[in-house]
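# got a predicted structure plus its sequence, pasted below:
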Amino acid sequence: MGRNSRMRFYKAIFSIFDLFLVNIGFLLAFWLKFGFDVPDYNWKPYVNLLPWISLAALILFYMFDLYSNWRRKNIYNLVYSIVLSIGLLSIFTMALTFWYRGFAFPRSVILLSTVLQILLFVVIRSLIWWGAKQRYGRRKVLIIDENVKSGISFAQKFLQHTAGWFIIHDFLAVQQWKEMISVISEVDVVLLSPALNKEDKAEILSHCAKYGKEVLVVPELFELFILDAEPQQIDDMLVLSIQPPGLSPAQLFIKRLFDTIVSGIMLALLSPIMLVLYILIPLTSKGPAIFKQERLGRDGREYLIYKFRSMVHNAENNTGPVLAVDRDPRITSLGRFIRATRLDEIPQLFNVLKGDMSLVGPRPERAFFIKQFQELFPDYAYRMSVKPGITGLAQVMAKYSTTVEDKLRFDLMYVRNYSLALDIKILLQTIRVVLRGEQAAGVKPYDSTYQKELLKLFGHPGVETEDERLASKG
(Lines give C-alpha, C1' and ligand atoms only; values in the text may rest on other atoms or scores of the structure.)
Protein backbone atom coordinates (compact mmCIF):
# COMPACT_ATOMS: atom_id res chain seq x y z
CA MET A 1 0.00 0.00 0.00
CA GLY A 2 1.46 3.39 -1.05
CA ARG A 3 1.89 6.33 1.32
CA ASN A 4 -1.14 8.22 -0.05
CA SER A 5 -3.32 5.11 0.19
CA ARG A 6 -2.18 4.55 3.78
CA MET A 7 -2.97 8.16 4.68
CA ARG A 8 -6.47 7.86 3.19
CA PHE A 9 -6.98 4.63 5.13
CA TYR A 10 -5.84 6.21 8.41
CA LYS A 11 -8.07 9.25 7.82
CA ALA A 12 -11.07 6.95 7.21
CA ILE A 13 -10.34 5.08 10.45
CA PHE A 14 -9.92 8.36 12.33
CA SER A 15 -13.20 9.76 10.98
CA ILE A 16 -15.13 6.64 12.03
CA PHE A 17 -13.51 6.73 15.47
CA ASP A 18 -14.28 10.48 15.78
CA LEU A 19 -17.97 9.88 15.07
CA PHE A 20 -17.90 7.20 17.74
CA LEU A 21 -16.41 9.68 20.25
CA VAL A 22 -18.92 12.42 19.34
CA ASN A 23 -21.83 10.09 19.97
CA ILE A 24 -20.24 8.61 23.11
CA GLY A 25 -20.20 12.19 24.40
CA PHE A 26 -23.93 12.53 23.76
CA LEU A 27 -24.72 9.12 25.29
CA LEU A 28 -22.72 9.91 28.44
CA ALA A 29 -24.48 13.28 28.69
CA PHE A 30 -27.91 11.59 28.45
CA TRP A 31 -26.83 9.05 31.07
CA LEU A 32 -25.62 11.76 33.48
CA LYS A 33 -28.85 13.70 32.95
CA PHE A 34 -31.43 10.88 33.03
CA GLY A 35 -29.61 7.72 34.11
CA PHE A 36 -30.59 4.59 32.19
CA ASP A 37 -34.22 5.68 31.80
CA VAL A 38 -34.07 8.35 29.08
CA PRO A 39 -37.57 9.59 28.14
CA ASP A 40 -38.45 8.75 24.56
CA TYR A 41 -39.60 12.36 24.16
CA ASN A 42 -36.03 13.59 24.76
CA TRP A 43 -34.27 10.72 22.98
CA LYS A 44 -36.08 10.90 19.64
CA PRO A 45 -34.79 14.36 18.55
CA TYR A 46 -31.20 13.16 19.07
CA VAL A 47 -31.79 10.07 16.91
CA ASN A 48 -33.45 12.18 14.18
CA LEU A 49 -30.59 14.71 14.13
CA LEU A 50 -27.80 12.11 14.42
CA PRO A 51 -26.97 11.96 10.65
CA TRP A 52 -26.74 15.76 10.38
CA ILE A 53 -24.67 16.09 13.55
CA SER A 54 -22.29 13.39 12.30
CA LEU A 55 -21.92 15.07 8.90
CA ALA A 56 -21.31 18.47 10.51
CA ALA A 57 -18.72 16.93 12.84
CA LEU A 58 -16.72 15.45 9.96
CA ILE A 59 -16.83 18.73 8.00
CA LEU A 60 -15.73 20.80 11.01
CA PHE A 61 -12.95 18.39 11.92
CA TYR A 62 -11.71 18.52 8.34
CA MET A 63 -11.90 22.33 8.24
CA PHE A 64 -9.84 22.58 11.43
CA ASP A 65 -7.22 20.21 9.97
CA LEU A 66 -7.80 17.44 12.50
CA TYR A 67 -7.27 14.90 9.71
CA SER A 68 -3.94 16.31 8.59
CA ASN A 69 -0.67 14.82 9.80
CA TRP A 70 -0.19 16.30 13.29
CA ARG A 71 3.22 14.72 13.69
CA ARG A 72 5.78 17.46 14.44
CA LYS A 73 3.05 20.06 14.95
CA ASN A 74 2.30 22.10 18.06
CA ILE A 75 0.16 20.34 20.69
CA TYR A 76 -1.45 23.66 21.70
CA ASN A 77 -2.68 24.23 18.15
CA LEU A 78 -4.17 20.73 18.26
CA VAL A 79 -6.04 21.50 21.50
CA TYR A 80 -7.28 24.85 20.16
CA SER A 81 -8.51 23.16 16.99
CA ILE A 82 -10.38 20.51 18.99
CA VAL A 83 -12.03 23.06 21.30
CA LEU A 84 -13.08 25.33 18.43
CA SER A 85 -14.41 22.54 16.19
CA ILE A 86 -16.45 20.94 18.98
CA GLY A 87 -17.64 24.35 20.20
CA LEU A 88 -18.93 25.13 16.71
CA LEU A 89 -20.49 21.66 16.52
CA SER A 90 -22.39 22.45 19.73
CA ILE A 91 -23.69 25.71 18.24
CA PHE A 92 -24.67 23.89 15.05
CA THR A 93 -26.50 21.21 17.08
CA MET A 94 -28.50 23.87 18.92
CA ALA A 95 -29.35 25.54 15.61
CA LEU A 96 -30.54 22.19 14.24
CA THR A 97 -32.90 21.71 17.18
CA PHE A 98 -34.58 25.01 16.29
CA TRP A 99 -34.62 24.25 12.57
CA TYR A 100 -36.21 20.81 13.02
CA ARG A 101 -38.34 21.81 15.99
CA GLY A 102 -36.44 19.36 18.16
CA PHE A 103 -36.95 21.44 21.29
CA ALA A 104 -37.15 18.31 23.45
CA PHE A 105 -33.42 17.77 22.85
CA PRO A 106 -32.27 19.15 26.25
CA ARG A 107 -29.88 22.12 26.09
CA SER A 108 -28.22 20.76 29.23
CA VAL A 109 -27.40 17.53 27.36
CA ILE A 110 -25.88 19.49 24.45
CA LEU A 111 -23.72 21.60 26.77
CA LEU A 112 -22.70 18.61 28.89
CA SER A 113 -21.87 16.57 25.78
CA THR A 114 -19.68 19.44 24.52
CA VAL A 115 -17.56 19.31 27.68
CA LEU A 116 -17.33 15.52 27.53
CA GLN A 117 -16.46 15.50 23.81
CA ILE A 118 -13.70 18.07 24.34
CA LEU A 119 -12.25 16.00 27.19
CA LEU A 120 -12.42 12.77 25.17
CA PHE A 121 -10.87 14.29 22.04
CA VAL A 122 -8.15 16.22 23.87
CA VAL A 123 -7.09 13.20 25.94
CA ILE A 124 -7.11 10.69 23.07
CA ARG A 125 -5.59 12.95 20.40
CA SER A 126 -2.93 14.15 22.87
CA LEU A 127 -2.02 10.55 23.69
CA ILE A 128 -1.72 9.77 19.96
CA TRP A 129 0.41 12.90 19.48
CA TRP A 130 2.61 11.96 22.45
CA GLY A 131 2.99 8.38 21.17
CA ALA A 132 4.04 9.70 17.74
CA LYS A 133 6.53 12.00 19.44
CA GLN A 134 8.08 9.10 21.35
CA ARG A 135 8.37 7.04 18.19
CA TYR A 136 9.29 9.70 15.63
CA GLY A 137 10.74 12.45 17.83
CA ARG A 138 14.35 13.45 18.55
CA ARG A 139 15.30 12.96 14.92
CA LYS A 140 18.90 13.90 14.20
CA VAL A 141 19.03 16.55 11.47
CA LEU A 142 21.79 17.25 8.97
CA ILE A 143 21.55 20.64 7.23
CA ILE A 144 23.14 20.96 3.79
CA ASP A 145 23.40 24.52 2.51
CA GLU A 146 25.76 26.67 0.47
CA ASN A 147 27.45 28.28 3.50
CA VAL A 148 27.38 28.51 7.29
CA LYS A 149 25.75 31.94 7.36
CA SER A 150 22.58 30.86 5.55
CA GLY A 151 22.60 27.43 7.23
CA ILE A 152 22.28 29.05 10.65
CA SER A 153 18.89 30.53 9.74
CA PHE A 154 17.59 27.01 8.99
CA ALA A 155 19.10 25.73 12.25
CA GLN A 156 17.26 28.41 14.19
CA LYS A 157 13.94 27.28 12.71
CA PHE A 158 14.54 23.74 13.98
CA LEU A 159 15.51 25.08 17.40
CA GLN A 160 12.36 27.23 17.56
CA HIS A 161 10.14 24.34 16.47
CA THR A 162 8.09 22.42 19.03
CA ALA A 163 10.63 20.90 21.42
CA GLY A 164 11.42 17.21 21.24
CA TRP A 165 10.98 16.55 17.52
CA PHE A 166 14.42 17.45 16.17
CA ILE A 167 18.06 17.51 17.26
CA ILE A 168 20.51 19.36 15.02
CA HIS A 169 23.33 16.89 14.47
CA ASP A 170 25.56 18.59 11.93
CA PHE A 171 25.92 21.05 9.07
CA LEU A 172 27.61 20.54 5.71
CA ALA A 173 28.41 23.15 3.11
CA VAL A 174 27.36 21.80 -0.28
CA GLN A 175 31.00 21.75 -1.43
CA GLN A 176 31.88 19.37 1.44
CA TRP A 177 29.11 16.78 1.34
CA LYS A 178 30.85 14.34 -1.03
CA GLU A 179 33.97 14.25 1.17
CA MET A 180 31.86 13.80 4.31
CA ILE A 181 29.13 11.59 2.91
CA SER A 182 29.41 9.23 5.88
CA VAL A 183 27.61 11.84 8.00
CA ILE A 184 24.36 10.93 6.22
CA SER A 185 24.45 7.47 7.79
CA GLU A 186 24.58 9.05 11.27
CA VAL A 187 21.40 11.14 10.98
CA ASP A 188 17.66 10.55 10.53
CA VAL A 189 16.71 13.62 8.48
CA VAL A 190 18.57 15.65 5.85
CA LEU A 191 17.44 19.21 5.08
CA LEU A 192 18.27 20.51 1.60
CA SER A 193 18.45 24.25 1.08
CA PRO A 194 16.83 25.80 -2.02
CA ALA A 195 20.29 27.21 -2.82
CA LEU A 196 21.51 23.76 -3.93
CA ASN A 197 21.55 23.10 -7.67
CA LYS A 198 19.47 20.27 -9.12
CA GLU A 199 22.49 18.02 -9.73
CA ASP A 200 23.54 18.18 -6.07
CA LYS A 201 19.95 17.67 -4.92
CA ALA A 202 19.53 14.62 -7.13
CA GLU A 203 22.79 13.07 -5.92
CA ILE A 204 22.03 13.71 -2.24
CA LEU A 205 18.50 12.34 -2.63
CA SER A 206 19.96 9.19 -4.17
CA HIS A 207 22.37 8.69 -1.27
CA CYS A 208 19.62 9.37 1.30
CA ALA A 209 17.40 6.77 -0.37
CA LYS A 210 20.32 4.32 -0.21
CA TYR A 211 20.67 4.84 3.54
CA GLY A 212 16.90 5.01 4.14
CA LYS A 213 16.94 8.61 5.37
CA GLU A 214 14.12 11.14 5.29
CA VAL A 215 14.79 14.25 3.19
CA LEU A 216 13.23 17.67 3.85
CA VAL A 217 13.44 19.90 0.78
CA VAL A 218 12.86 23.64 1.06
CA PRO A 219 11.33 24.19 -2.38
CA GLU A 220 12.42 26.85 -4.80
CA LEU A 221 9.50 29.11 -5.62
CA PHE A 222 9.05 27.79 -9.17
CA GLU A 223 8.85 24.22 -7.82
CA LEU A 224 5.58 25.09 -6.08
CA PHE A 225 3.95 25.36 -9.50
CA ILE A 226 4.58 21.67 -10.08
CA LEU A 227 2.54 20.55 -7.06
CA ASP A 228 -0.80 20.64 -8.89
CA ALA A 229 0.60 19.82 -12.32
CA GLU A 230 -1.42 17.36 -14.42
CA PRO A 231 0.50 14.39 -15.88
CA GLN A 232 -0.10 14.12 -19.62
CA GLN A 233 1.29 12.06 -22.47
CA ILE A 234 2.59 13.45 -25.76
CA ASP A 235 3.10 10.40 -28.00
CA ASP A 236 5.35 8.21 -25.82
CA MET A 237 6.65 11.15 -23.73
CA LEU A 238 5.47 11.93 -20.19
CA VAL A 239 4.96 15.66 -19.56
CA LEU A 240 3.55 17.74 -16.70
CA SER A 241 0.94 20.34 -17.69
CA ILE A 242 1.33 23.52 -15.59
CA GLN A 243 -1.39 26.12 -16.10
CA PRO A 244 -0.68 29.84 -15.53
CA PRO A 245 -1.55 31.09 -12.01
CA GLY A 246 -4.98 32.55 -11.42
CA LEU A 247 -8.61 31.51 -11.00
CA SER A 248 -11.07 30.37 -13.65
CA PRO A 249 -14.19 32.51 -14.37
CA ALA A 250 -16.33 30.02 -12.41
CA GLN A 251 -13.96 30.18 -9.43
CA LEU A 252 -13.92 33.99 -9.58
CA PHE A 253 -17.73 34.08 -9.54
CA ILE A 254 -18.04 31.65 -6.61
CA LYS A 255 -15.33 33.47 -4.64
CA ARG A 256 -16.95 36.88 -5.24
CA LEU A 257 -20.41 35.58 -4.24
CA PHE A 258 -18.98 34.00 -1.09
CA ASP A 259 -17.06 37.20 -0.23
CA THR A 260 -20.11 39.42 -0.65
CA ILE A 261 -22.46 37.27 1.45
CA VAL A 262 -20.03 36.52 4.27
CA SER A 263 -18.58 40.04 4.55
CA GLY A 264 -22.10 41.51 4.66
CA ILE A 265 -23.09 39.15 7.47
CA MET A 266 -19.84 39.85 9.38
CA LEU A 267 -20.30 43.61 9.09
CA ALA A 268 -23.79 43.29 10.56
CA LEU A 269 -22.56 41.11 13.44
CA LEU A 270 -19.46 43.21 14.17
CA SER A 271 -21.11 46.64 13.86
CA PRO A 272 -21.36 47.14 17.68
CA ILE A 273 -17.60 46.48 18.07
CA MET A 274 -16.87 48.82 15.16
CA LEU A 275 -18.91 51.59 16.76
CA VAL A 276 -17.09 51.22 20.09
CA LEU A 277 -13.65 51.30 18.42
CA TYR A 278 -14.66 54.24 16.23
CA ILE A 279 -15.33 56.21 19.43
CA LEU A 280 -12.45 54.87 21.58
CA ILE A 281 -9.52 55.26 19.18
CA PRO A 282 -9.70 59.09 18.82
CA LEU A 283 -10.29 59.36 22.59
CA THR A 284 -7.14 57.38 23.47
CA SER A 285 -4.74 58.87 20.89
CA LYS A 286 -4.69 61.90 18.64
CA GLY A 287 -5.90 61.30 15.11
CA PRO A 288 -8.80 59.69 13.20
CA ALA A 289 -10.20 56.24 14.01
CA ILE A 290 -9.87 54.95 10.44
CA PHE A 291 -6.45 54.64 8.83
CA LYS A 292 -6.23 54.67 5.03
CA GLN A 293 -3.21 53.59 3.04
CA GLU A 294 -2.47 52.85 -0.59
CA ARG A 295 -1.95 49.16 -1.42
CA LEU A 296 -1.59 47.12 -4.59
CA GLY A 297 -4.33 44.62 -5.36
CA ARG A 298 -4.97 42.08 -8.08
CA ASP A 299 -2.76 42.62 -11.16
CA GLY A 300 -1.04 45.52 -9.37
CA ARG A 301 -4.10 47.81 -9.23
CA GLU A 302 -3.88 50.54 -6.59
CA TYR A 303 -6.59 50.98 -3.96
CA LEU A 304 -7.03 52.43 -0.48
CA ILE A 305 -7.12 49.93 2.36
CA TYR A 306 -9.17 50.70 5.49
CA LYS A 307 -8.02 49.75 8.98
CA PHE A 308 -8.66 50.90 12.53
CA ARG A 309 -5.64 53.00 13.44
CA SER A 310 -3.33 51.12 15.83
CA MET A 311 -0.31 53.45 15.64
CA VAL A 312 0.20 57.08 16.51
CA HIS A 313 -1.08 59.50 13.89
CA ASN A 314 1.35 59.99 10.98
CA ALA A 315 3.62 57.28 12.37
CA GLU A 316 5.88 57.17 9.28
CA ASN A 317 6.39 60.91 8.81
CA ASN A 318 9.97 60.73 10.12
CA THR A 319 10.89 57.16 9.15
CA GLY A 320 9.24 56.56 5.80
CA PRO A 321 7.73 53.13 5.01
CA VAL A 322 8.94 50.56 7.56
CA LEU A 323 7.54 47.25 8.81
CA ALA A 324 6.23 47.05 12.36
CA VAL A 325 8.62 45.41 14.83
CA ASP A 326 8.00 43.60 18.09
CA ARG A 327 7.13 46.14 20.85
CA ASP A 328 7.07 48.91 18.26
CA PRO A 329 6.94 52.26 20.15
CA ARG A 330 4.67 53.71 17.45
CA ILE A 331 1.84 51.34 18.44
CA THR A 332 -0.64 52.83 20.90
CA SER A 333 -1.82 50.99 24.04
CA LEU A 334 -5.24 50.34 22.49
CA GLY A 335 -3.54 49.58 19.17
CA ARG A 336 -1.55 46.77 20.78
CA PHE A 337 -4.81 45.09 21.80
CA ILE A 338 -6.64 45.51 18.50
CA ARG A 339 -3.60 44.28 16.54
CA ALA A 340 -3.28 41.16 18.73
CA THR A 341 -7.00 40.37 18.29
CA ARG A 342 -7.03 41.46 14.60
CA LEU A 343 -9.86 43.89 15.30
CA ASP A 344 -7.93 46.54 13.36
CA GLU A 345 -8.68 44.55 10.19
CA ILE A 346 -12.51 44.78 10.47
CA PRO A 347 -12.91 47.86 8.20
CA GLN A 348 -11.36 45.84 5.37
CA LEU A 349 -14.73 44.12 5.09
CA PHE A 350 -15.78 47.32 3.26
CA ASN A 351 -12.84 46.75 0.88
CA VAL A 352 -14.21 43.26 0.28
CA LEU A 353 -17.71 44.58 -0.49
CA LYS A 354 -16.20 47.15 -2.88
CA GLY A 355 -14.35 44.37 -4.70
CA ASP A 356 -10.82 45.61 -3.90
CA MET A 357 -10.11 42.61 -1.67
CA SER A 358 -11.28 39.11 -0.85
CA LEU A 359 -11.85 37.53 2.55
CA VAL A 360 -9.01 35.08 1.84
CA GLY A 361 -5.90 35.70 -0.22
CA PRO A 362 -2.30 36.92 0.03
CA ARG A 363 -2.03 39.94 2.31
CA PRO A 364 -1.85 43.26 0.39
CA GLU A 365 1.38 45.21 0.46
CA ARG A 366 2.56 48.69 -0.45
CA ALA A 367 4.20 49.48 -3.80
CA PHE A 368 7.36 50.60 -1.94
CA PHE A 369 7.94 47.10 -0.53
CA ILE A 370 6.60 45.18 -3.54
CA LYS A 371 9.18 46.82 -5.79
CA GLN A 372 11.98 45.62 -3.48
CA PHE A 373 10.50 42.13 -3.12
CA GLN A 374 10.14 41.69 -6.88
CA GLU A 375 13.80 42.56 -7.39
CA LEU A 376 14.78 39.82 -4.94
CA PHE A 377 12.05 37.30 -5.86
CA PRO A 378 10.86 37.55 -9.50
CA ASP A 379 8.01 35.11 -8.73
CA TYR A 380 6.55 37.60 -6.21
CA ALA A 381 4.26 39.00 -8.91
CA TYR A 382 2.36 35.69 -9.12
CA ARG A 383 0.78 36.28 -5.70
CA MET A 384 -1.01 39.28 -7.25
CA SER A 385 -2.83 37.08 -9.77
CA VAL A 386 -5.65 36.90 -7.17
CA LYS A 387 -7.21 39.57 -4.98
CA PRO A 388 -5.45 40.26 -1.69
CA GLY A 389 -7.22 38.97 1.41
CA ILE A 390 -7.96 39.95 4.99
CA THR A 391 -6.49 36.61 5.98
CA GLY A 392 -4.62 33.96 4.06
CA LEU A 393 -2.69 30.73 4.15
CA ALA A 394 0.49 32.54 5.21
CA GLN A 395 -1.40 34.15 8.10
CA VAL A 396 -2.64 30.84 9.55
CA MET A 397 0.53 28.84 8.83
CA ALA A 398 3.26 31.43 9.43
CA LYS A 399 3.90 34.43 11.69
CA TYR A 400 4.04 38.19 11.17
CA SER A 401 7.83 37.88 11.59
CA THR A 402 8.16 35.06 9.00
CA THR A 403 10.52 35.99 6.18
CA VAL A 404 9.14 37.38 2.92
CA GLU A 405 10.41 34.35 1.00
CA ASP A 406 8.75 31.84 3.33
CA LYS A 407 5.45 33.76 3.28
CA LEU A 408 5.65 33.84 -0.51
CA ARG A 409 5.84 30.03 -0.55
CA PHE A 410 2.54 29.84 1.33
CA ASP A 411 0.93 32.49 -0.89
CA LEU A 412 1.93 30.69 -4.09
CA MET A 413 0.70 27.41 -2.59
CA TYR A 414 -2.69 29.09 -2.02
CA VAL A 415 -2.86 30.52 -5.56
CA ARG A 416 -2.08 27.12 -7.08
CA ASN A 417 -4.52 25.18 -4.88
CA TYR A 418 -7.48 27.56 -4.47
CA SER A 419 -10.89 26.10 -3.69
CA LEU A 420 -13.93 27.35 -1.80
CA ALA A 421 -13.31 24.62 0.80
CA LEU A 422 -9.76 25.95 1.30
CA ASP A 423 -11.13 29.49 1.82
CA ILE A 424 -13.59 28.26 4.46
CA LYS A 425 -10.85 26.22 6.14
CA ILE A 426 -8.53 29.26 6.31
CA LEU A 427 -11.31 31.47 7.69
CA LEU A 428 -12.09 28.97 10.45
CA GLN A 429 -8.43 28.45 11.31
CA THR A 430 -8.01 32.22 11.54
CA ILE A 431 -10.18 32.04 14.67
CA ARG A 432 -7.52 29.84 16.29
CA VAL A 433 -4.77 32.27 15.24
CA VAL A 434 -6.67 35.24 16.67
CA LEU A 435 -7.29 33.47 19.98
CA ARG A 436 -3.64 32.46 20.38
CA GLY A 437 -2.35 35.90 19.37
CA GLU A 438 1.31 34.79 19.06
CA GLN A 439 1.40 34.97 15.27
CA ALA A 440 0.47 38.66 15.25
CA ALA A 441 3.73 39.75 16.95
CA GLY A 442 5.97 42.07 14.96
CA VAL A 443 9.38 41.26 13.54
CA LYS A 444 11.60 40.23 16.45
CA PRO A 445 15.31 40.81 16.83
CA TYR A 446 17.45 37.70 17.10
CA ASP A 447 16.56 35.67 20.19
CA SER A 448 19.71 34.72 22.10
CA THR A 449 17.99 31.72 23.73
CA TYR A 450 19.59 29.42 21.16
CA GLN A 451 22.98 31.15 21.05
CA LYS A 452 24.84 28.30 22.79
CA GLU A 453 23.37 25.61 20.54
CA LEU A 454 24.18 27.60 17.40
CA LEU A 455 27.67 28.42 18.63
CA LYS A 456 28.35 24.77 19.45
CA LEU A 457 27.16 23.58 16.04
CA PHE A 458 28.44 26.31 13.74
CA GLY A 459 31.14 28.09 15.75
CA HIS A 460 29.42 31.31 14.66
CA PRO A 461 28.30 34.13 16.97
CA GLY A 462 24.74 34.45 15.70
CA VAL A 463 22.27 34.33 12.82
CA GLU A 464 21.99 36.74 9.98
CA THR A 465 19.14 39.20 10.13
CA GLU A 466 16.33 39.32 7.59
CA ASP A 467 17.82 42.50 6.11
CA GLU A 468 21.21 40.79 5.70
CA ARG A 469 19.61 37.71 4.17
CA LEU A 470 17.63 39.77 1.63
CA ALA A 471 20.69 41.89 0.85
CA SER A 472 22.80 38.80 0.21
CA LYS A 473 20.16 37.53 -2.24
CA GLY A 474 20.14 40.90 -3.99
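Cool, the structure landed. Only a predicted model underlies this, so the values are computations on that prediction, with no experimental measurement involved.

# residue 382 reaches residue 409, doesn't it?
No. Under the criterion of CB atoms under 8 Å, residue 382 makes no contact with residue 409, lying 11.4 Å away. Bear in mind the C-beta positions are built from the backbone N, C-alpha and C, glycine included.

# how about residue 295, nearest residue that isn't a chain neighbour?
In this structure, residue 295 finds its nearest non-sequential neighbour in residue 364, 4.0 Å apart by CB to CB, 6 or more residues apart in numbering.

# and the pLDDT at the one you found?
Residue 364 is assigned 91 on the pLDDT scale.

# ok, it - contacts?
Counting by CB atoms under 8 Å, 6 or more residues apart in numbering, residue 364 touches 295-297, 305, 357, 388.

# can I get these in JSON lines with distance to residue 213, secondary structure and pLDDT?
Shown next, in JSON lines, are these (distance: CB to CB, whole Å; DSSP: H, G, I helix; E, B strand; the rest coil; pLDDT from 0 to 100):
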{"residue": "295", "distance to residue 213": "44", "secondary structure": "strand", "pLDDT": "93"}
{"residue": "296", "distance to residue 213": "43", "secondary structure": "strand", "pLDDT": "93"}
{"residue": "297", "distance to residue 213": "44", "secondary structure": "coil", "pLDDT": "92"}
{"residue": "305", "distance to residue 213": "46", "secondary structure": "strand", "pLDDT": "94"}
{"residue": "357", "distance to residue 213": "44", "secondary structure": "coil", "pLDDT": "95"}
{"residue": "388", "distance to residue 213": "40", "secondary structure": "coil", "pLDDT": "94"}
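
# so which of the residues you listed is the most crowded?
In terms of neighbour count, residue 357 stands highest of the contacts of residue 364 at 27 neighbours, by other CB atoms under 10 Å.

# farthest-separated two in the contacts of residue 364?
Distances among these were taken as CB to CB; the most separated pair is 296 and 357, at 11.4 Å.

# now do the shared contacts for the two.
With CB under 8 Å, 6+ apart as the test, residue 296 and residue 357 both reach 303, 364, 388.

# the last one and residue 251, how far apart?
It refers to residue 388. Noted for residue 388: a distance of 16 Å to residue 251, by CB to CB, to the nearest Å.

# picking up where we left off before, from the shared contacts of residue 296 and residue 357, which is closest to residue 281?
Among these, and counting by CB to CB, the member closest to residue 281 is residue 364, at 21.4 Å.

# report the buried residues of stretch 58-68.
Buried positions in stretch 58-68, judged by neighbour count with 16 or more other CB atoms under 10 Å: 58-67.

# wait, I meant stretch 198-206
Neighbour-count burial for stretch 198-206 [16+ other CB under 10 Å]: 200-201, 204.

# restricted to helices, list the residues you listed.
Of the positions in the buried residues of stretch 198-206, 200-201, 204 sit in helices, assigned by DSSP state H.

# closest to residue 169 out of these?
Distances from residue 169 to those, taken by CB to CB, are shortest for residue 204, at 15.5 Å.

# residues in contact with that closest one?
144, 177, 184, 190, 192, 196, 215.

# confirm the last one sits in a strand?
Yes. Applying DSSP: H, G, I helix; E, B strand; the rest coil, one finds residue 215 inside a strand.

# tell me what it is bridged to.
residue 190 (DSSP bridges).

# hmm, residue 193 and it touching each other?
No. Counting by CB under 8 Å, residue 215 stays clear of residue 193, with 11.9 Å between them.

# have a look at those two and say which one is more surrounded.
residue 193 (20 against 17).

# could I get the pLDDT score of the more buried one?
pLDDT at residue 193 comes out at 88.

# name the nearest residue to it, ignoring sequence neighbours.
residue 145 (3.9 Å).

# that neighbour: how many residues sit nearby?
23.

# quick one: contacts for it?
Going by CB under 8 Å, 6+ apart, the list of residues near residue 145 reads 151, 154, 171, 173-174, 193, 195-196.
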